[in-house]
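K.L.:
When you get a sec, could you give me coordinates for this:
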Amino acid sequence: MSDLYWLTDEQMARLEPFFPKSHGRPRVDDRRVLSGIIFVNRNGLRWRDAPREYGPAKTLYNRWKRWGEKGVFIAMMDGLSAKGAERKTVMIDTTYLKAHRTASSLRVKKGGPGRLIGRTKGGMNTKLHAVTDARGRPISFFMTAGQVSDYTGAAALLDALPKAQWLLGDRGYDADWFRDALQEKGIIPCIPGRKSRAKPVKYDKRRYKSRNRIEIMFGRLKDWRRVATRYDRCPNVFLSAVALAATVLFWL
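P.N.:
Residues are numbered from 1 along each chain as shown. Take a look at the predicted model:
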């Protein structure tokens, strides 16, 4: 029995609306190429090591690079999650993704956004900030260098929050400005107070127990080797890998 990954006809039908229009010559078999891209990302392979059943490795890499630059893989996740997410309750959290030395090597071009890789106690890392729906399925991502605080990601994701009733977060998000911003949006924060607070913060402990779903989501994402270990120097390429994994695992 083959261990290769193949998208089904139903999955292709859901993804096709996000494919760029083909100009000039028709594209090579979309199902074969996209299945190969998923296989390479899931298993953390070099493009040259892709199984021959998926066609030339150069074709896979060129499609990955071209569609990644256009934001196609991120659009897939955004589009599918917009239709299927359960948004009454959302969750926010972060995780560290270890950066391989190939991702942090060479000098960064001046004027660019940088690699979004920072040094922490655990080594060179990228921090992935995420918002999920009530079932722990990712709605939006934001990446920073590993040493950046959770507050930075929370501020960046505020505008992307859906019209939810509740937001679940751990103590790392216990800040008055964040609670105020959520309440202005009509969202009730379910966030435990920091132990340093003089006055304890009340929160729904029963509801808070479901927050483990976002931690489970991070664990499933890291089953994809290209996500668990960052090999890509370009942060946009790496974010495409994260978005593709999220799409296949949670939205197809």
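
K.L.:
Tell me which stretches of the stretch 1-150 of the chain form helices.
P.N.:
9-15, 30-43, 57-70, 72-84, 101-104, 150-157 (DSSP state H, counting those that start in this stretch).

K.L.:
per-stretch mean pLDDT over these, give me the minimum one.
P.N.:
In terms of mean pLDDT, the lowest-scoring of the helices of the stretch 1-150 of the chain is helix 101-104 (a mean of 77).

K.L.:
Any chance of a markdown table for the helices of the stretch 1-150 of the chain, columns mean neighbour count?
P.N.:
C-beta coordinates here come from the backbone N, C-alpha and C atoms, glycine included. As requested, those are exported to a markdown table (neighbours: other Cβ atoms under 10 Å):
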| stretch | mean neighbour count |
| --- | --- |
| helix 9-15 | 14 |
| helix 30-43 | 21 |
| helix 57-70 | 17 |
| helix 72-84 | 19 |
| helix 101-104 | 16 |
| helix 150-157 | 18 |
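
K.L.:
Adding distance to residue 133, write these out as JSON lines.
P.N.:
Formatted as JSON lines, the helices of the stretch 1-150 of the chain follow (distance: least, Cβ to Cβ, whole Å):
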{"stretch": "helix 9-15", "distance to residue 133": "17"}
{"stretch": "helix 30-43", "distance to residue 133": "23"}
{"stretch": "helix 57-70", "distance to residue 133": "25"}
{"stretch": "helix 72-84", "distance to residue 133": "7"}
{"stretch": "helix 101-104", "distance to residue 133": "30"}
{"stretch": "helix 150-157", "distance to residue 133": "14"}
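
K.L.:
Minimum distance to residue 245: which of these has it?
P.N.:
Nearest to residue 245 among the helices of the stretch 1-150 of the chain is helix 30-43 (6.6 Å), distances taken as Cβ to Cβ.

K.L.:
Which elements pack onto that closest one?
P.N.:
helix 9-15, helix 57-70, helix 225-228, helix 235-246 (3 or more Cβ pairs under 8 Å, 6 or more residues apart in numbering; DSSP states H and E).

K.L.:
and with 10 Å instead?
P.N.:
helix 9-15, helix 57-70, helix 72-84, helix 225-228, helix 235-246 (3 or more Cβ pairs under 10 Å, 6 or more residues apart in numbering; DSSP states H and E).

K.L.:
do you know which of the ones you listed lies nearest residue 99?
P.N.:
helix 235-246 (9.0 Å).

K.L.:
Next, the buried residues of the closest one.
P.N.:
The neighbour-count check on helix 235-246 (16 or more other Cβ atoms under 10 Å) flags 235, 237-246 as buried.
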